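K.L.:
Could you work out the structure for the sequence below:
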Amino acid sequence: MFSRNIMNEQLRAARLDNFIEREGTESLLSASKKFVEGFELRKTGLLLYGPPGNGKSHLAAGIHHELNHQGYVCLFLDVPQLIKLAETATRFDSKINLTDIINGAVSADLLTLDELGAGDISSKIYTDILFPIINGRQGKITNYTTNLSLDRLENWLLYDKYKNIVDEEGRLFERIFTSADIYQNKATSKRREDALARMQQGYS
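P.N.:
As a prediction, the model looks like this:
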């Protein structure tokens, strides 16, 4: 069964206690801590949305690491990389089995789908990977992060890049929307602020 987290090195080091709280992140940090504290009795996951670079993935990874440390089976998947992995798994010479990926994602105590809405969705990706995972996790806790507004996320799940309908009944968005508490991260991009600070230091 697939159990390998798909996250970058920065997120591997992300913890709730090393998250830098800034204006606009207060409610998300509080919700993340309460999520961990009350996980055993939770019925819903979290959907964190807002501009890129403002800490959504850090908080989601922090939750993942804390609950993993407590002994829960947690799986963290970067959605664009998951899509690439799923495409690789369909090749005849692939050592990765698509069924194993789906079973691992469905069976985890906590699944995190990071960067939902990045890249392009297709009818095949919808049918082979996203729907089986999200539909299969009904009744289980799944966290999501996205850089898209809720309207744009709904459209991303409905149409491929050619505007062909891939989810005519809107089932995926409905599954997500009704199974998660939704928080908007209104903070600006910390990555951008850090880059500007480095530029200013270089000029001084």
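
K.L.:
And Asn185, how far from Lys95?
P.N.:
37 Å (CB to CB, to the nearest Å). Bear in mind the C-beta positions are built from the backbone N, C-alpha and C, glycine included.

K.L.:
Quick check on these two: which one has the bigger neighbour count.
P.N.:
Neighbour tally, Asn185 and Lys95, criterion other CB atoms under 10 Å: the higher count belongs to Asn185, 21 against 7.

K.L.:
Nearest residue to that one in space, please, no chain neighbours.
P.N.:
Nearest non-adjacent residue to Asn185, counting by CB to CB, 6 or more residues apart in numbering: Gly50, 3.4 Å away.

K.L.:
ok, that neighbour - how many residues close by?
P.N.:
Counted with other CB under 10 Å, residues neighbouring Gly50 total 23.

K.L.:
Check the gap between it and Leu157 for me.
P.N.:
18 Å.

K.L.:
Check Asn18 too.
P.N.:
32 Å.

K.L.:
More neighbours: the two, which one.
P.N.:
Of the pair Asn18 and Leu157, Leu157 is the one with more neighbours under other CB under 10 Å, namely 24 against 9.

K.L.:
And the helices in the chain, which stretches?
P.N.:
Here the chain has its helices, by DSSP state H, at 9-12, 26-37, 56-69, 79-89, 98-107, 123-125, 131-136, 150-158, 171-179, 190-203.

K.L.:
elements contacting the fifth one?
P.N.:
The contact analysis (3 or more CB pairs under 8 Å, 6 or more residues apart in numbering; DSSP states H and E) places helix 98-107 against strand 74-78, helix 79-89, helix 131-136.

K.L.:
May I see these arranged in CSV, with mean neighbour count as well?
P.N.:
Below are the helices and strands packed on helix 98-107 laid out as CSV (neighbours: other CB atoms under 10 Å):
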stretch, mean neighbour count
strand 74-78, 23
helix 79-89, 18
helix 131-136, 18
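
K.L.:
With mean pLDDT as new columns, can the ones you listed be given to me in JSON lines?
P.N.:
Listed next are those as JSON lines, based on pLDDT from 0 to 100:
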{"stretch": "strand 74-78", "mean pLDDT": "98"}
{"stretch": "helix 79-89", "mean pLDDT": "89"}
{"stretch": "helix 131-136", "mean pLDDT": "97"}
